[in-house]
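Chemist: Need a 3D model of the sequence below.
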Amino acid sequence: MLSTAVLKPHSRNRLVFDYVTIVMEKGAIITFMHCFACGRPRTFVSQLLLGLACFILPSVAPAGSAPDLVYTISTDWDTENRQLIVSLEFIGEDDGTTSIRIPHAWAWQDSYERGIKNFRALSDWTSVTEKRGEHEYVVHHPPAAEVAIQYVVVQYWDEPITRDVYYRPILGSDFFHFIGHGLFVYPDWDLEKTREIRVTWNNLPATWNLANSFGVGDTDQTVQCSLDELCHAVYMGGNIRVHQIDVMGRPVFTSIIGDWQFQVDDFDTLVGKTVRAVREYWNDFEFPFFLVTMIPTDQPCCSKGGTGLSDSYGLFVSAETEDLDDLKFLLAHELFHTWNGRKIQRQHPEELVYWFAEGFTDYFTLLILLRSGLITLQEYIEDVNRTLVNLHESPARNITNQEILERTHKDQIVERIPYLRGDLVALRWDAAIKRVTGGTFSLDNLMKDLLNAAINSGTLVSSQSIDSLIRPYLRDGVVDDIQSFIDSGKTVVLSDSDLGPCVSLDTVEISPFDLGFCYSKPKEGDPWMISGVDPEGPAFAAGLRDGQTLEGRSIHWNQTEKPVVLQVRNKNGELKEIKYYPKGKPFPVPQFRLDLNEYKTDSSACLKWFGL
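Modeler: Below you'll find the model as predicted:
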């Protein structure tokens with residue numbers, strides 16, 4: 001026996017539908033559309049058949065008539081409350097149920113859903129059910145109907161801007177900054193399929209500007225991209241300064257907020273030089289658009305971080321940074337990931353090849369800066385020596401690659417090991433190729449071969465693919481090195497000739513930089529209480545104690561030959577100055593040394609080793 005219930009009419013694409021629920025025997029329920037455009041049936045049976053026909057063959061909008069997804073983002077800003085109101089429109093699934101994925105985790109963030117509030121349906125005959133614990137909502141709607149939902153994004157944290165919050169939505173007093181992974185909800189569709197997506201920005205204050213991975217200054221953007229590319233992008237708006245740079249006829253934009261201790265025009269110049277140098281390395285200039293964003297953080301000088309994104313990268317730099325030289329490496333590193341990371345994809349789990357993705361990127365970043373004249377050979381050698389010090393002093397230097405997989409996103413000390421280890425392995429292999437081939441080939445050839453294999457054959461970075469591609473240059477391959485230095489975690493061994501004829505390698509006693517206490521800025525308005533003073537460190541020996549209040553400071557980070565000067569107030573109110581050299585306990589470490597006499601005699605012979 002059948003029973004029918006005719007629901008409220010709903011309009012879509014100029015056709016009018018009734019939604020008819022047929023209750024079958026044994027409680028089964030079928031819902032279909034009766035399309036009036038199909039004609040008015042004379043009998044119930046014909047009406048049923050025509051209605052089913054319209055259900056089975058739903059109307060299809062003309063190609064290109066509407067985007068697959070339409071986001072409308074409105075700012076709601078005042079002194080106390082700041083939020084982004086986001087609405088999303090799309091065509092729902094044919095069965096009347098569409099799953100919506102909610103932001104949860106990316107990089108080291110794992111609680112994006114805390115910033116998603118007031119999720120609700122806007123369209124008629126639509127309801128929402130939350131699947132708790134699964135970061136998903138289920139939207140119930142008429143079959144294949146237009147669906148509109150809305151939610152609010154808030155800043156769900158209240159603390160200084162440090163590394164822990166870089167990738168969270170940041171809603172400042174006069175700007176917003178977020179990575180798409182932390183803001184966009186979307187239907188549970190294929191993340192890699194290219195779609196037409198429209199993003200409209202509403203209710204922006206009159207003085208605000210916009211910049212994101214898909215353009216600058218445009219409040220109505222329609223792009224062809226995948227959901228992954230939409231999320232793997234940076235979005236910034238507010239009282240930001242946007243500037244265009246020309247690099248080989250291609251536009252590069254910078255977007256900056258805040259006051260800085262350097263000239264922002266000089267930053268633009270540095271970005272232009274760095275972008276050009278890295279693109280010249282790959283001989284790849286086909287970038288119709290590129291964006292570099294930079295926001296100030298509350299971390300000490302000269303802390304910095306960044307991430308490569310869709311046609312862009314985002315920088316997070318300490319507001320105390322005075323010297324732009326500190327940014328050269330970070331800029332070049334993140335840009336290099338356009339190739340080593342995006343055009344050259346990695347195996348999964350990718351943490352097992354971080355030594356290549358990050359370590360080789362560090363190695364070539366430094367080499368490119370040297371070749372482009374952005375650093376000197378002496379600066380290059382000093383940076384290599386710093387890498388040696390950082391690896392040898394790390395308590396995690398000999399952990400296995402499997403341990404890196406398990407701990408890298410939980411432990412910052414472990415996270416650094418693939419960078420350091422891979423950097424030195426790249427140096428070792430580059431030198432080996434040059435020695436075996438008499439300088440005819442180098443590790444550059446491996447990188448270009450890998451790019452071609454990735455583009456033409458879909459080759460992924462793995463220990464096996466790297467070993468295979470390097471064999472034309474090193475006949476025995478690098479399996480033993482990978483097993484020893486990467487998988488087992490043995491300390492990378494370098495030789496006296498690894499940096500060419502003008503550089504030697506010696507073992508020396510090094511005192512690492514050791515501030516001697518925990519440097520952590522308090523919340524604005526709170527006193528800065530000294531804590532974590534190492535009783536065996538230089539700060540304790542100079543008189544620094546837990547519980548003192550920091551009133552002033554002069555710190556030259558990572559420079560052990562310049563004194564740290566602190567003004568602290570004791571618990572009794574007495575103000576005193578504490579001065580010391582931030583040197584930790586010395587330990588033996590290999591260090592390269594440039595023969596300055598030989599370099600002055602024939603610098604071209606010295607530089608030839610580095611491809612100059």
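
Chemist: how about the nearest residue to R82 once chain neighbours are set aside, what does it touch?
Modeler: Excluding the flanking residues, the one nearest R82 by CB to CB, 6 or more residues apart in numbering is L171, at 4.2 Å. C-betas here are computed from N, CA, C, even on glycine. Contact partners of L171, counting by CB atoms under 8 Å, 6 or more residues apart in numbering, are R82, Q83, L84, V154, Q155.

Chemist: Where does pLDDT dip in this protein?
Modeler: Within the chain, the set of residues satisfying pLDDT under 70 comprises 1-65, 79, 524.

Chemist: Next, name the residue at the spatial heart of it.
Modeler: Geometric centre of the chain, nearest residue: T307, 3.2 Å, by CA atoms, centre = their mean.

Chemist: What are the buried residues along the host helix or strand of L566?
Modeler: Element membership for L566, per DSSP states H and E: strand 564-569. By 16 or more other CB atoms under 10 Å, the buried positions in strand 564-569 come out as V564, L566, V568.

Chemist: repeat for stretch 592-610
Modeler: Buried residues in stretch 592-610, defined by neighbour count with 16+ other CB under 10 Å: F592, L594, Y599, C606, L607, W609, F610.

Chemist: Can you give me the end-to-end span of it?
Modeler: 15 Å (CA to CA, to the nearest Å).

Chemist: quick one on the thing from earlier: what is the nearest of the buried residues of stretch 592-610 to S318?
Modeler: F592 (28.9 Å; CB to CB).

Chemist: I'd say that closest one and G500 touch.
Modeler: No - contact criterion CB atoms under 8 Å: F592 and G500 do not qualify, at 9.9 Å.

Chemist: in the chain, which helix has the most residues?
Modeler: When the chain is parsed with DSSP state H, its longest helix is helix 412-437.

Chemist: Show me what that one packs onto, helices and strands only.
Modeler: Helix 412-437 sits against helix 354, helix 361-371, helix 377-393, helix 401-407, helix 443-457, helix 479-481, with contacts defined as 3 or more CB pairs under 8 Å, 6 or more residues apart in numbering; DSSP states H and E.

Chemist: how about E351, secondary structure?
Modeler: Of the three states, E351 takes helix according to DSSP: H, G, I helix; E, B strand; the rest coil.

Chemist: one step back: list the buried residues in the longest helix of the chain.
Modeler: Applying a neighbour-count criterion of 16+ other CB under 10 Å, one finds 414-434 buried in helix 412-437.

Chemist: between it and helix 443-457, how many degrees?
Modeler: Using axes from the mean of the first three to the mean of the last three CA atoms, to 10 degrees, the inter-axis angle of helix 412-437 relative to helix 443-457 is 100 degrees.

Chemist: what separates helix 412-437 from the chain centre, distance-wise?
Modeler: 23 Å (CA atoms, centre = their mean, to the nearest Å).

Chemist: quick revisit: can you list contacts of the very next helix or strand once past the strand holding L566?
Modeler: Downstream of strand 564-569, the first helix or strand assigned by DSSP H and E is strand 575-580. Strand 575-580 is contacted from outside by 516, 538-539, 541-544, 551, 563-570, using CB under 8 Å, 6+ apart.

Chemist: Apply 7 Å and report the result again.
Modeler: For strand 575-580, the external contacting residues (CB atoms under 7 Å, 6 or more residues apart in numbering) are 538-539, 541-544, 551, 563-570.

Chemist: out of the residues you listed, which one sits closest to G238?
Modeler: Closest approach to G238 among these (CB to CB): E551, at 32.4 Å.

Chemist: hang on, the earlier thing: closest to Y167 out of the contacts of strand 575-580?
Modeler: Within these, proximity to Y167 (CB to CB) peaks at V564, which comes in at 31.1 Å.

Chemist: Y166 versus the closest one, what's the distance?
Modeler: Using CB to CB, to the nearest Å, V564 is found at 27 Å from Y166.

Chemist: same thing with T491?
Modeler: Applying CB to CB, the value for T491 to Y166 is 31 Å.

Chemist: Could you do K579 as well?
Modeler: Note on K579: its distance to Y166, by CB to CB, is 33 Å.

Chemist: and those two? which has more neighbours close in?
Modeler: Neighbour totals were compared for K579 and Y166, and Y166 leads with 22 against 11 (other CB atoms under 10 Å).

Chemist: in stretch 513-524, what's buried?
Modeler: Buried residues in stretch 513-524, defined by neighbour count with 16+ other CB under 10 Å: F513, D514, L515, G516, F517, Y519, K521.

Chemist: In space, what's closest to the fifth one - neighbours in sequence excluded?
Modeler: With CB to CB, 6+ apart as the criterion, F517 has its nearest non-adjacent residue at 4.5 Å, and that residue is V533.

Chemist: Now for I73: which residues touch it?
Modeler: Contact analysis of I73 by CB under 7 Å, 6+ apart lists L84, V86, V199, W201.

Chemist: Just say helix, strand or coil for the last one.
Modeler: Looking back up the chat, that one is W201. Under three-state DSSP, W201 comes out as strand.

Chemist: now do the same end-to-end measure for stretch 555-571.
Modeler: With CA to CA, one end of stretch 555-571 sits 23 Å from the other.

Chemist: again with stretch 232-245
Modeler: Rule used - CA to CA; the end-to-end distance of stretch 232-245 is 23 Å.

Chemist: Would you pull up how far that stretch lies from the middle of the chain?
Modeler: With CA atoms, centre = their mean, you get 16 Å for stretch 232-245.
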